[in-house]
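> I need the structure of the sequence given here:
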Amino acid sequence: MEVILHRFLPYTTSEGPGKRACIWVQGCPIHCKGCGVPWTWNPNKGTPTSVELLWEEILKSKHEHDIEGITLLGGEPFEQAEALSVLAKRAQAASLSVMTFSGYYKEQLTEMNKPGWEDLLSATDLFIDGPFEIDKPDKDRPWIGSTNQRIHFLTDRYKSIENSLKAIPNRLEFYIKSDGTIEANGMVPSETWKRILNDL
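The predicted structure follows:
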């Protein structure tokens, strides 16, 4: 079984609670206006990667970085729910938490009945749903872009932070690769991105 992968990040503190490994999948049919990662839309531009290889990388991250969980985002994870649910179930069995993003609302997933969606959702602790809406910026809650998006605490794993989300800051991380290219991840307001890009 394979995941069409955009990027794997072995360690981040910007994509959910605590230290996490992060899997960006490639391919998204939603195409939100103002999407921060439109280069993840085309499924043909991803890298087919076996679930087994990704699981080995997650275990390596757990050993080397002491991660507490994994984050699944994209792209659209529920377009690849069957393969990702295998990773999510293994993660929970290894005492790692699972955070999953989707541009679909939970109710839409039920209606569309995409293969594996129930398995992925049942193996998710923290679920963020809803499309990004450019005219509804959310400046109060971490990890998300617009006020229509919802945070679902599907298990008790992170219930302790439910009433203190506004106290959790957003973070932005930059990585300079050996070839000189720069990669970034995290959630910041678009005006901050513009200032950063102008300064580079």
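> what mean pLDDT does the longest strand seen in the chain have?
In the chain, assigned by DSSP state E, the strand with the most residues is strand 2-12. Regarding strand 2-12, the rounded mean pLDDT is 95.
> Please apply the same query to stretch 133-152.
92.
> how about it: buried residues?
For stretch 133-152, burial by neighbour count (16 or more other Cβ atoms under 10 Å) applies to 133, 138, 141-146, 149, 151. For glycine as for every other residue, the C-beta is placed from the backbone atoms N, C-alpha and C.
> who does the residue positioned nearest the centre of the chain bridge with?
Nearest to the mean C-alpha position of the chain, by Cα atoms, centre = their mean, lies residue 73 at 2.8 Å. As for beta bridges, residue 73 partners with residue 24 under DSSP bridges.
> Identify the residues contacting it.
15, 22-25, 100-101 (Cβ atoms under 8 Å, 6 or more residues apart in numbering).
> All the helices of this protein, residue numbers only.
Assigned by DSSP state H, the helices in the chain fall at 51-65, 81-93, 106-112, 117-122, 190-199.
> rewinding a little: pull the most distant pair out of the contacts of residue 73.
15 and 25 (13.4 Å; Cβ to Cβ).
> So, low pLDDT: which residues of the protein?
Under the criterion pLDDT under 70, the flagged ranges of the chain are 172-175, 177, 180-200.
> hmm, 90 instead?
14-15, 34-37, 137-140, 145, 161-200 (pLDDT under 90).
> I'd like to know how far the closest residue to residue 68 other than its chain neighbours sits from residue 171.
Nearest non-adjacent residue to residue 68, counting by Cβ to Cβ, 6 or more residues apart in numbering: residue 18, 4.3 Å away. Separation of residue 18 from residue 171 (Cβ to Cβ, to the nearest Å): 12 Å.
> quick one on the thing from earlier: mind putting the contacts of residue 73 in a markdown table, distance to residue 8 included?
A markdown table is the format used below for the contacts of residue 73 (distance: Cβ to Cβ, whole Å):
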| residue | distance to residue 8 |
| --- | --- |
| 15 | 12 |
| 22 | 7 |
| 23 | 6 |
| 24 | 8 |
| 25 | 10 |
| 100 | 16 |
| 101 | 15 |
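> Got a quick ChimeraX command for the buried subset of those?
Here is the ChimeraX command that selects the buried residues among the contacts of residue 73 (16+ other Cβ under 10 Å):
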select :15,22,23,24,25,100,101
